[in-house]
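Enquirer: Starting from these lines, generate the structure:
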Amino acid sequence: MIPGGGQPNMQQLLQQAQKMQQDLATAQEDLAKTPVEGTAGGGLVKATVTGSGELQALVIDPKAVDPEDTETLADLVLAAVRDANATAQQLQQEKLGPLAQGLGGMPGLPF
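Expert: Below is the predicted model:
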C-alpha cells in the first residue's frame, strides 16, 4: 500500500504539466523562427519555409524559366515547397515529438 492513501500529489502533477506545456510552447516558437530550405531541379528552384511550415521565400533561377513550358516550372516550385515542408515536418518531430509524448499520458490534454 502507498503511504497517504496512494493518491498522487496533484500539485506536483499540475506543475509538471505546466512545465511541459511551457516547453512545448517554447519549442513551437523556436520552430516558427527556424528557416528550412527545400530544392528542386538540382537547385534551380529553392523554397524556404519556417519549421512550422509557413512559406517565407521562393527563389527561381532564370535558367528554370521557359515561357513555352510553364508547367515544368510549376512542378519545380511544387517540388521545392514539398521538399521544404517535408524537412520542416521532420524538424517538428525532432523538436515536438518528445514533448508531445510526455503530455500524451495526461488525461484531458489533446495529444
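
Enquirer: for stretch 34-41, what is the average pLDDT?
Expert: Mean per-residue pLDDT for stretch 34-41: 94.

Enquirer: From the contact counts, what lies against the helix or strand that Gln28 is a member of?
Expert: Assigning secondary structure by DSSP states H and E places Gln28 in helix 10-33. With contacts taken as 3 or more C-beta pairs under 8 Å, 6 or more residues apart in numbering; DSSP states H and E, helix 10-33 sits against strand 45-50, helix 70-104. The way it works is simple: take the backbone N, C-alpha and C, and place the C-beta from them, glycine included.

Enquirer: Show me what secondary structure element comes after the shortest one.
Expert: Spelled out, it's strand 45-50. Assignment by DSSP H and E places the next element after strand 45-50 at strand 55-60.

Enquirer: How about the contacts made by the residue most central in space within the chain?
Expert: The chain has Gln92 as the residue nearest its centroid, 3.2 Å off, counting by C-alpha atoms, centre = their mean. Contacts for Gln92 (C-beta atoms under 8 Å, 6 or more residues apart in numbering) come out as Leu31, Gly51, Ser52.

Enquirer: Asp83 too?
Expert: Here Asp83 is in contact with Gly38, Thr39, Ala40, Ala47 (C-beta under 8 Å, 6+ apart).
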